[in-house]
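Visitor: turn this into a model:
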Amino acid sequence: MAAARRLKRVATSQPGFLNLKSSSDSADLVSSRRKRVNKNKKKNWNKHSDINDIEGFLEDVRHQERTTGGLLSEKADDSLFFLDVGQPKKAEQKETEPPEGKKRKGKASRPLRIDLILQHDSLVPPPKDVLAFQQPNAKKLRRIAQKAEQLAAKGVVPRRQKQLLNRRPVERTAKRAVTEANNNPDREYYDIWGQEPKNTADPWYLQQTGKKLVKRPEKLNEKPSVLPAVEVIAPGGSYNPDFFSHQALLQEAHEVEVKKKKEEDKIARQLAVNREDTATEETILREQVEGLVEEENEEAAAPNEEGGDVAVGAITRSAKKTERQRKKERADKVKEQRRLAGRQRNDQQQQLFQLRSIKAAIKQQDHKTKDKQTQRKANQEAQKAQPRRLGKLKFQAQDLEVQLSDELAGSLRRLKPEGSVLKDRFKSMQKRNLIEPRERAKFKRRHKLKYVEKRAFREIT
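Guide: Numbers count the residues shown, from 1 in each chain. You can find the predicted model right below:
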């Protein structure tokens, strides 16, 4: 062992020995024992492997790329070698140079040394910036573009392009309206009853400044009733009417009064007291002695209840069915099902011979349905002319303004006015569903009246 160490020490002291670990001391190499390393594991490959030759090769490749722009082995001969034919003659140089004025004598200007130092001497192109070429949602946009190309090939116009084509063109040449002063005598006449002018301002500006008008609902443009504002009275209501038209108006007023009388009589009958329901002396005595006198039927029934020992509410148990009875019930059930199925089959076959009657019934039913629809539409149209229920009170029609035959006047001078124009307009608004039916407010005095005799009254009395 000692001889081996001495041999290693002599070998390391020789001048031509190449030390692998320059940082370590030769004494440590000799004294230290060789460390065993398991190179099957990946973590020990770079740590305990000699890669100097690989690093040297890569450094040589990088040097060639910096100086020549690539590997020398891959370059063509023309880029590496050239034919040296010597310097050209001065006469030829003068002939080739264009006659452009006088040039400065001496050597051509060369760049400064400091500029040459600052120049980039590497011929390797800069790496490509991948992030500069990336686009967000590139795959999605590519798919959308492909779909648009397919639709364009088929002649289909996208929805957004249709909207752009259908959009109204904006008048770029239109100028903003200048508001004129109110005291300008040359300004145009403004009709307050005319149509409202269109507002040409920006809608977003009007909305933010609170000057944009609220959109009027379409429901407000519809009339609540189809009745006219002013209803023309019947011809019989004239001051000098025709006999038949006046009699027709009297008949209509008579029917109204008869209807009112019937309603009053109905209410009177409902509120009337039936004299048969009133209590008499006999009914009063019967109510007083009720429960004190035993009836004969109860006395006769008492002994029968004591002597009879009859079981009340006895539970009867049915006998258990035999297997033969159960089989018979199942057979009867199957037989009944077959009978019903056969009967149904026969009914369906019989319906084939009843097609005419079935068609006639269907046609009759269609006529009834159409008649009901027509009647329903007519009722709906008639309902539009009737006043609706807008409040807690019902609409009461105004009394007909009619004069009797002996009250008719032959001229306008002797005509007696009837009714009130204000009441007629008020009832018309209620009938046309503009306002709800109302009653006159009842005045109720909170405090009692206090009578005081003043001094002047006392002096008179």
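Visitor: for the rest of this, base every contact and every neighbour count on C-alpha atoms.
Guide: OK.
Visitor: and for L250, the neighbour number?
Guide: Neighbouring residues of L250 were enumerated by other C-alpha atoms under 10 Å; the total is 19.
Visitor: for I51, give me the pLDDT.
Guide: I51 is assigned a pLDDT of 82 by the prediction.
Visitor: state the distance from it to P235.
Guide: Computed with C-alpha to C-alpha, to the nearest Å, the distance linking I51 and P235 is 127 Å.
Visitor: contacts only, for D84.
Guide: The neighbours of D84, taking C-alpha atoms under 8 Å, 6 or more residues apart in numbering as the test, come to nothing; the list is empty.
Visitor: and E287, how far from R113?
Guide: 144 Å.
Visitor: repeat that for V232.
Guide: When distance is defined by C-alpha to C-alpha, V232 is 115 Å away from R113.
Visitor: again, but for S420
Guide: If you measure S420 against R113 using C-alpha to C-alpha, the figure is 118 Å.
Visitor: same deal with P235?
Guide: For P235, the distance to R113 under the criterion C-alpha to C-alpha works out to 124 Å.
Visitor: between the two, which one's more packed in?
Guide: For P235 against R113, the residue with the higher neighbour count under other C-alpha under 10 Å is P235, and the figures read 15 against 9.
Visitor: not counting residues beside it along the chain, what's closest to the more buried one?
Guide: Here the nearest residue to P235 in space, its sequence neighbours aside, is S245; by C-alpha to C-alpha, 6 or more residues apart in numbering that works out to 6.1 Å.
Visitor: per-residue pLDDT, the one you found?
Guide: At S245, pLDDT is 93.
Visitor: can you identify the element that follows the helix or strand harbouring it toward the C-terminus?
Guide: Per DSSP states H and E: S245 is located in helix 243-271. Following helix 243-271 in sequence order, the next helix or strand is helix 281-289 (DSSP H and E).
Visitor: you'd agree L123 is up against Q64?
Guide: No - counting by C-alpha atoms under 8 Å, Q64 is not a contact partner of L123; they are 9.3 Å apart.
Visitor: the more surrounded of these two?
Guide: Neighbour totals were compared for L123 and Q64, and Q64 leads with 17 against 13 (other C-alpha under 10 Å).
Visitor: the more buried one and P125, how far apart?
Guide: Distance of Q64 to P125, given as C-alpha to C-alpha: 13 Å.
Visitor: same check, this time on F81
Guide: To P125, F81 is 23 Å away according to C-alpha to C-alpha.
Visitor: same thing with P136?
Guide: Between P136 and P125 the distance, using C-alpha to C-alpha, works out to 27 Å.
Visitor: just the pLDDT for the residue nearest to A248 when sequence neighbours are not counted.
Guide: Using C-alpha to C-alpha, 6+ apart and skipping the chain neighbours, the partner closest in space to A248 is G236 (7.2 Å). In this prediction, G236 carries a pLDDT score of 90.
Visitor: mind listing what's buried along stretch 405-423?
Guide: Taking 16 or more other C-alpha atoms under 10 Å as the neighbour-count basis, stretch 405-423 is seen to contain the buried residues 408-409.
Visitor: closest to the centroid, which residue in this protein?
Guide: When the chain is reduced to its mean C-alpha position, the closest residue under C-alpha atoms, centre = their mean turns out to be P217, at 19.4 Å.
Visitor: which pLDDT value goes with that residue?
Guide: With respect to pLDDT, P217 has a value of 89.
Visitor: contacts only, for it.
Guide: With C-alpha under 8 Å, 6+ apart as the criterion, no residue contacts P217.
Visitor: need phi/psi at it.
Guide: Dihedral angles phi and psi of P217 (degrees, to the nearest 10) take the values phi -60, psi 150.
Visitor: next one: it from I233, what distance?
Guide: When distances are taken as C-alpha to C-alpha, P217 and I233 turn out to be 35 Å apart.
Visitor: K39 now?
Guide: 122 Å.
Visitor: shaky segments in the stretch 1-150 of the chain?
Guide: Counting by pLDDT under 70, the stretch 1-150 of the chain contains low-confidence residues at 1-34, 88-108.
Visitor: which residues in the stretch 101-250 of the chain form helices?
Guide: Assigned by DSSP state H, counting those that start in this stretch, the stretch 101-250 of the chain shows helices spanning 113-118, 130-133, 138-154, 159-166, 203-209, 243-271.
Visitor: which parts of the chain are strands?
Guide: Along the chain, no stretch is classed among the strands by DSSP state E.
Visitor: low-confidence ranges, the stretch 251-400 of the chain, go.
Guide: Counting by pLDDT under 70, the stretch 251-400 of the chain shows low-confidence ranges at 293-316.
Visitor: change it to 90
Guide: Along the stretch 251-400 of the chain, the model assigns pLDDT under 90 to residues 271-321, 348-356, 383-385, 399-400.
Visitor: for it, what spans make up the helices?
Guide: With DSSP H, counting those that start in this stretch as the criterion, the stretch 251-400 of the chain has helices spanning 281-289, 296-307, 323-351, 355-384.
Visitor: how about those in CSV, adding distance to E255 and mean neighbour count?
Guide: Supplementary listing: the helices of the stretch 251-400 of the chain in CSV, determined by distance: least, C-alpha to C-alpha, whole Å; neighbours: other C-alpha atoms under 10 Å:
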stretch, distance to E255, mean neighbour count
helix 281-289, 46, 9
helix 296-307, 62, 9
helix 323-351, 55, 11
helix 355-384, 21, 12
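Visitor: which of those helices sits closest to N166?
Guide: With distances scored as C-alpha to C-alpha, the stretch of these nearest to N166 is helix 355-384 (40.5 Å).
Visitor: tilt between the closest one and helix 323-351?
Guide: 80 degrees (axes from the mean of the first three to the mean of the last three C-alpha atoms, to 10 degrees).
Visitor: Y205 and N183: what is the separation?
Guide: The value you get for Y205 to N183, if C-alpha to C-alpha is used, is 28 Å.
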